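In: Here's a sequence, model it:
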Amino acid sequence: MGNIREIAMQGRWAEAMAAADDSLGRSPQPSMTVAAGMMHFCNSDFRGARQRFTQALSMNAEDNQARLM
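Out: Down below sits the predicted model:
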């Protein structure tokens, strides 16, 4: 997840989104699902963001970050 953060901090949102989706495919954990949702949101892919936040909430209904997004 550190690599995704570094890419995002450089404003390379499309790359960060692709890296997050790739990581999510290899590790479908709630935290990675939320991270992927954030990258989609930052890339103005609101449909993709909603899908990932909904998926994260299905794994952990107590995830306040996913719930607020």
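In: contacting residues around the helix or strand hosting residue 47?
Out: Assigned by DSSP states H and E, residue 47 belongs to helix 46-59. The contact list for helix 46-59, computed with Cβ atoms under 8 Å, 6 or more residues apart in numbering, reads 24, 29-30, 33-34, 36-38, 40-41, 63, 66-67, 69. In this view, the C-beta of every residue, glycine as well, is placed from N, C-alpha and C.
In: Strands along this structure, start to end?
Out: Taking DSSP state E, the chain contains no strands at all.
In: So which helix or strand of it has the lowest pLDDT on average?
Out: Lowest on mean pLDDT, DSSP states H and E among the helices and strands of the chain sits helix 64-68, with a mean of 89.
In: So which elements touch that one?
Out: helix 30-42, helix 46-59 (3 or more Cβ pairs under 8 Å, 6 or more residues apart in numbering; DSSP states H and E).
In: can I assume residue 21 is in contact with residue 36?
Out: Yes - with contacts counted by Cβ atoms under 8 Å, residue 21 reaches residue 36, the gap being 5.6 Å.
In: Comparing these two, which residue is more hemmed in?
Out: Legend: neighbour count by other Cβ atoms under 10 Å for residue 21 and residue 36, higher for residue 36 (29 against 17).
In: got a list of what that one touches?
Out: 17, 20-21, 23-24, 52.
In: which one of these sits closest to residue 45?
Out: The closest of those to residue 45 turns out to be residue 17 (Cβ to Cβ; 7.1 Å).
In: For that closest one, list the residues it contacts.
Out: Per Cβ under 8 Å, 6+ apart, neighbours of residue 17: 36, 39-40, 42-43, 45.
In: on that earlier part again, tell me what angle the helix holding residue 47 forms with helix 30-42.
Out: 160 degrees (axes from the mean of the first three to the mean of the last three Cα atoms, to 10 degrees).
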